[in-house]
Each structure stands twice: as structure tokens, then as C-alpha cells.
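1. predicted model, plus sequence, below.
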Amino acid sequence: MSTPNSDSPAAQAAKKVFSRLDLDGHHLPPSPAPSSPHNGRRYALATELVYTETKDQYGASSIPIYQSATFKQSSSNGGSEYDYTRSGNPTRTHLERHLAKIMNANRCLTVSSGMGALDVITRLLKPGDEVITGDDLYGGTNRLLTYLKNNQGVIVHHVDTTNVDSVRNIITPKTAMVLLETPTNPLIKICDIPTIARITHEANEKAVVVVDNTMLSPMLFNPLDVGADIVYESGTKYLSGHHDIMAGVIAVNDTELGDKLYFTINATGCGLSPNDSFLLMRGVKTLAIRMEKQQANAQRIAEFLESHGFKVRYPGLKSHPQYDLHWSMARGAGAVLSFETGDVALSERIVEAARLWGISVSFGCVNSLISMPCRMSHASIDAKTRAERQMPEDIIRLCVGIEDADDLIDDLSRALVQAGAVTLTIDGFHANTAEGAAAAAAAGSEATETTTTAAPSA
Ligand SMILES: Cc1ncc(COP(=O)(O)O)c(C=O)c1O
Ligand SMILES: N[C@@H](CCSC[C@H](N)C(=O)O)C(=O)O
């Protein structure tokens, strides 16, 4: 659907028709022109997440669901704002404008899932193009890139993107895309986005730096501000927050790039449905308060596990090897952490002994979740590749929700004891790891009679 010239008769007609639904007090073309830097953001993010003016004919205070596939046109020459929901829908447009503001973007597009977003983005690639990406990636991302490599003639290099030199050493003028996650899922490794963006653009000014911001959300990080060209997120996670929809979000500042991505969405028909647009709009309003609680809980749980001798991966812990790098870019540590037990069967017993923590893939939901990534979210990466990429099979991922932190810690403690992951001592318990034993020795603790090093059934 093309955007009519603002002075043309068609545009005048469109204004008339559209005055019945004047969302945000603006006319909303499917290809919105950038208004001002950061799309007119004026307040703190927590306020902007909630603040949105929806002026419709009945004064509805939240965006109505325009559950219509088609829209009547003022004439056969076009002239109406919308014609067909695949091409554009008022509920979706309202959401996209809101998200563009939150993501410091000039344009935001929403599609049916996070993987749908990556599919749209990777359609910018041609056979022979080179992609540089990480060696610790979400399993579905790895699967799509493998498909492109095997079937579309795209050359994919997996390197340790947490080491800037690994990228610098492989980048060439043929590099068309650099695709990064930070923190990575599930090893919680950090990538230096500003430096990688700079060296990518130095090597090829047309290359696009794509950042998957699902783990942090715009609440904690805006990759577009530090040199990324495209940011995408699984809206299934923090943005919606309740695990009741699938959604994908793409944000850009470059108008031409935005138009190309919109073209693919319209051409392939993966735009977010009106109903899911409504639910995502509703979810995003509580992002700040959810994230605040989730990461406060995550910090307590990470400290709890570490203090008992587990090897914990979480950027909120000073022991994280890239703690300084993470905090030089992000405003928070997020609410996903992982830890190792040294034994796959033991990890399985812990996961299965948990009650409050649901055994489930995904993260960013109000409920706390526990999982074994190698068997669940990352099972699509074969065992050999997982081993080559040093992904520990025993790794447990915790995705922390908004419950009471003491309840979460109590339930986890019980699961650790029941699974035989800890040794009970006079002063509490210590993980059955080298670190746990060292901590116990340092504290002068001795095991009590109730030592639970055996493997009780779950
Ligand atoms: C980091 C990351 N990116 C992208 C995705 C894909 O999102 P979706 O499940 O909404 O397709 C996921 C999870 O599925 C993820 O964990
Ligand atoms: N069976 C799904 C697994 C989805 S994993 C969801 C999420 N990204 C996570 O990390 O937990 C698939 O094969 O894609």
C-alpha cells in the first residue's frame, strides 16, 4: 500500500475518512515518516510505557481491536488509510507507533513471532552473502541460520562474538549481516555491541548489525542507541509478559530499511493479528513494574545460589566475567540466569523436584520457570555442535517471575535438598561442588547427620 503525497486529493480524502478514527491525534500511514528523534519521547520510560492517547470516535481509552480483514475505501482510486489487514491495521499501527517510541526507533514493525521477525530480517540476505553470528545462540535462531546456509546459499560463520577480535578477524567487505544476542541464551555471555557495530560498519558500510534484544527488552537496553541497525525481540517474552501470545517486534531508524522490512511483511503475510496487537499493547504497559520485580528477584536468587557454592551465570553478579561490559551498555541485568551442577542426572532431579518453578521453555513471563536448555529450548542444536560450543549438558536455566522471592528461594532450596545437590551443615547447606566444599571449609562447617549427597527420588 503506497503512502499518498500529503497534498494530493487522495491524501485529502484519506484525512477526511480517517478523522473518524484519529489515533494518537495523528494520521497513521502504514509507512510513518520519522517525526523527531526518539519518536517524540518526553517522559521517563516507565511513564512512556503507559502513556498513550487513543482518540477514537467513542473515546475508548485503550486501543480497540479492529477485527476486520478489509476496510471500505472512499473511492476505487485508494485514498483510504487502510485497505486490508495484511497490509495494515489500526490496532497494529497504534502498537507499532507506541513500541517505536519505547525502542528509540523511527519505525517499528510487528509480526507473528520472534522467529517470524528474524525470518523477515534475514530475507534482506542474498545467496553468497556472509553472516557473522555467535556460538551461543537461541536454538531456533541457530536452526533458521542453518536452514539459510543449507538451502539459500548464505554463508554463516559462528564465532565467539563475546570476543571482539573473533569478529574483527573474520569480517570482510562481503559481510552483509552481523547478528548478535546479549546476554546470550542460555550461557549469559555478553557482546560488546558498540564496538562490533563500529568495526562492522568500517568493514562494509552497507552491512547491517542486527541485535536480538529479547533477553533485556527496551526497559534495560536500546541497541539502536549504540550502533545497531536493526533490533528485534520475541514479544512472546518480556514485552507481553504473560505467555499468552506469540509476537515478534522489529525496530529500525533507517527509512529505507524499514520500507524493505515492511515490504516483506506485507508480501509474506506475517503481520501481527489485531487481537495479538491488542494483547501486546496491554502487556507492554506493565513492562517496567514487571521487570523491576523480576530482576530484583533474580538478583536475590543468583546471590543465594552463588553463596551456596553453585557456578552461576548472571550479569548482576560481580563474579560475571563481563560484568563491567554489560553495565557499560545496559540498565539492568534482566531476569534469566543459569547455573551448573556438574551432573546431568542431578540437574534433572532438581528441575523435577521444583514445584513453584514450572518446567517450561521461554522466559519473561510473570511466572517463574525452570528448564534444562540442552533438552528443551536448545534441543534443535545437535549434541555434537552443543559440545563443540561448550554448552554444558547439565546447565539449568531459571527464568524469574514476580512471585515472592522468599517463596521462590524456599522452593528452590527444597528442590536442591530433595535432589541431593547439597550437603546440609550446621550453618545451612553447601552445594556438592568444589566451590561449595571450599565455602563449607572456609566457614568451618561440618556436615550434619542429615547429609543428602545420595540421589533421592524426586
Ligand atoms: C533470544 C530469543 N530470540 C528469539 C526467540 C524466538 O521467539 P518466538 O518464540 O517468539 O518465535 C526466542 C525464543 O523463542 C529467544 O529466546
Ligand atoms: N520447541 C520450540 C522451543 C521453544 S524455546 C523458547 C524460548 N526461546 C526459550 O529460550 O526458552 C522450538 O523448537 O522452537
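-> Yep, that arrived. Ligands and ions are numbered 1, 2, ... in the order given.

2. rest of the way, CA atoms for contacts and neighbours
-> Fine.

3. identify the bridge partners of residue 425.
-> residue 428, residue 447 (DSSP bridges).

4. now residue 432. Nearest residue, chain neighbours left out?
-> residue 422 (5.0 Å; C-alpha to C-alpha, 6 or more residues apart in numbering).

5. wait, isn't that neighbour in contact with residue 434?
-> No: assessed by C-alpha atoms under 8 Å, residue 422 is found out of contact with residue 434, at 11.5 Å.

6. strands of the stretch 201-350 of the chain, start to end?
-> For the stretch 201-350 of the chain, the strands defined by DSSP state E, counting those that start in this stretch occupy 208-212, 230-234, 248-252, 311-313, 336-340.

7. now do the SS call for whichever residue of the stretch 251-400 of the chain sits closest to ligand 2.
-> Residue of the stretch 251-400 of the chain nearest ligand 2, by C-alpha to the nearest ligand atom: residue 362 (3.2 Å). Following DSSP: H, G, I helix; E, B strand; the rest coil, the label given to residue 362 is coil.

8. for the closest residue to it other than its chain neighbours, which residues are in contact?
-> Residue nearest to residue 362 in three dimensions, not counting chain neighbours: residue 237, with 7.0 Å by C-alpha to C-alpha, 6+ apart. Counting by C-alpha atoms under 8 Å, 6 or more residues apart in numbering, residue 237 touches 214, 243, 362-365.

9. swap the cut-off to 10 Å and go again
-> Counting by C-alpha atoms under 10 Å, 6 or more residues apart in numbering, residue 237 touches 114, 214-217, 243-248, 362-366.

10. who's in contact with residue 321?
-> Listed by C-alpha under 10 Å, 6+ apart, the contact partners of residue 321 are 189-190, 313-315.

11. circling back to that earlier point, residue 422 and residue 434: who's more crowded?
-> Per other C-alpha atoms under 10 Å, whichever of residue 422 and residue 434 has more neighbours is residue 422, with 27 against 14.

12. report the separation between that one and residue 309.
-> To residue 309, residue 422 is 9 Å away according to C-alpha to C-alpha, to the nearest Å.

13. so what sits against both of the two?
-> Listed as contacting both residue 422 and residue 309 by C-alpha under 10 Å, 6+ apart are 341, 429-433, 436-437.

14. quick one, which of those residues are buried?
-> Buried by 16 or more other C-alpha atoms under 10 Å: 341, 429-433, 436-437, out of the shared contacts of residue 422 and residue 309.

15. mean neighbour count, distance to ligand 1 and mean pLDDT for the strands of the stretch 201-350 of the chain - can I get that in CSV?
-> As requested, the strands of the stretch 201-350 of the chain are arranged in CSV below (neighbours: other C-alpha atoms under 10 Å; distance: least, C-alpha to the nearest ligand atom, whole Å; pLDDT from 0 to 100):
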stretch, mean neighbour count, distance to ligand 1, mean pLDDT
strand 208-212, 26, 6, 98
strand 230-234, 26, 4, 98
strand 248-252, 28, 6, 98
strand 311-313, 23, 16, 96
strand 336-340, 24, 10, 97
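
16. closest one to residue 75 among these?
-> With C-alpha to C-alpha as the criterion, residue 75 lies closest to strand 248-252 of those, at 32.6 Å.

17. how many degrees apart are the closest one and strand 208-212 in direction?
-> For strand 248-252 against strand 208-212, the angle between stretch directions is 140 degrees (axes from the mean of the first three to the mean of the last three C-alpha atoms, to 10 degrees).

18. tell me the strands beside strand 248-252, with direction?
-> Strand 248-252 pairs in its sheet with strand 107-111 (antiparallel), strand 230-234 (antiparallel), by DSSP bridges.

19. what does the stretch 351-458 of the chain put close to ligand 2?
-> Residues of the stretch 351-458 of the chain that fall close to ligand 2, judged by C-alpha under 6 Å from any ligand atom: 361-362, 377.

20. output those residues as TSV; include the columns distance to residue 384, neighbour count and pLDDT.
-> Formatted as TSV, these follow (distance: C-alpha to C-alpha, whole Å; neighbours: other C-alpha atoms under 10 Å; pLDDT from 0 to 100):
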residue	distance to residue 384	neighbour count	pLDDT
361	22	15	97
362	23	17	97
377	16	18	93
